[in-house]
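Student: What follows is a predicted structure for the sequence shown.
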Amino acid sequence: MPDIAEQLPAALLQAADAHIRADGTCPRPQVHILAEDLEAAYLGYVVCRRFYRGADAASALAGLGVLPSVIKATRLFVLWEEFDLRTALEIQGEHTAPGIVILDARFGGHTLHWHPIDVQLRPVNSGQEPAIVVRWNTPASYENVPLPPPVESLLQVWRELRDDDLERTAIQLQQAGYEINWATPLRK
């Protein structure tokens, strides 16, 4: 049986590419949830709620750790677009290139996969729709590097392993604007 943790980063990058090409925007931050102690290890994912810049963005990102904590997930893959995230968090003074980050988080550490990207709107001849041109540059991976504080908070929330009611937690997150996508339907 293929290892989902090995295949998931490529699938996430492919989905991000399709999202960017479809409408010219980057995907919202999201967390993909794994329970490696189960046969069907991939449980689904949560897409961040919409947020305002600053403290609201930080709070929204930390909230992505709640459902994995209640599920007692053993591993997370967190995806975000770096330039967009730093803008939302109002992090100044650092020059950051656009790129998709896929963070492979485990209880004992994390690996940050950096995928730099150039996106341009290609001009077209009259009567044609403009096209979005996506060029991926050389990726890199980094072990246990410092993360933006709200991403650290997300991981801290996840690692707390809460005993809250799963269904109630999922409903509260959805009411707050998070999008939950289960790999299989939630059983009562």
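Tutor: In hand now; what should we look at? Residues are numbered from 1 along each chain as shown.
Student: how about low-confidence regions in this structure?
Tutor: For the chain, the stretches with pLDDT under 70 are 1-2, 93-95, 123-130, 186-188.
Student: in it, which spans are strands?
Tutor: Ranges of strands within the chain are 30-34, 42-47, 75-81, 99-106, 109-122, 131-136, 140-143, 179-182, based on DSSP state E.
Student: Adding mean neighbour count and distance to residue 55, write those strands out as CSV.
Tutor: All C-beta spots, glycine's among them, are computed from the backbone N, C-alpha and C. Below are the strands of the chain laid out as CSV (neighbours: other CB atoms under 10 Å; distance: least, CB to CB, whole Å):
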stretch, mean neighbour count, distance to residue 55
strand 30-34, 25, 20
strand 42-47, 20, 20
strand 75-81, 24, 17
strand 99-106, 21, 21
strand 109-122, 15, 24
strand 131-136, 12, 32
strand 140-143, 11, 27
strand 179-182, 13, 22
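Student: Is it possible to get CSV of those strands that adds distance to residue 20?
Tutor: CSV is the format used below for the strands of the chain (distance: least, CB to CB, whole Å):
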stretch, distance to residue 20
strand 30-34, 14
strand 42-47, 15
strand 75-81, 9
strand 99-106, 9
strand 109-122, 6
strand 131-136, 6
strand 140-143, 19
strand 179-182, 18
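Student: These: which one's closest to residue 171?
Tutor: The closest of those to residue 171 is strand 179-182. By CB to CB, the value is 9.4 Å.
Student: what packs against that closest one?
Tutor: If you count contacts as 3 or more CB pairs under 8 Å, 6 or more residues apart in numbering; DSSP states H and E, strand 179-182 packs onto strand 42-47, helix 166-176.
Student: Parallel or antiparallel, list what pairs with it.
Tutor: strand 42-47 (antiparallel) (DSSP bridges).
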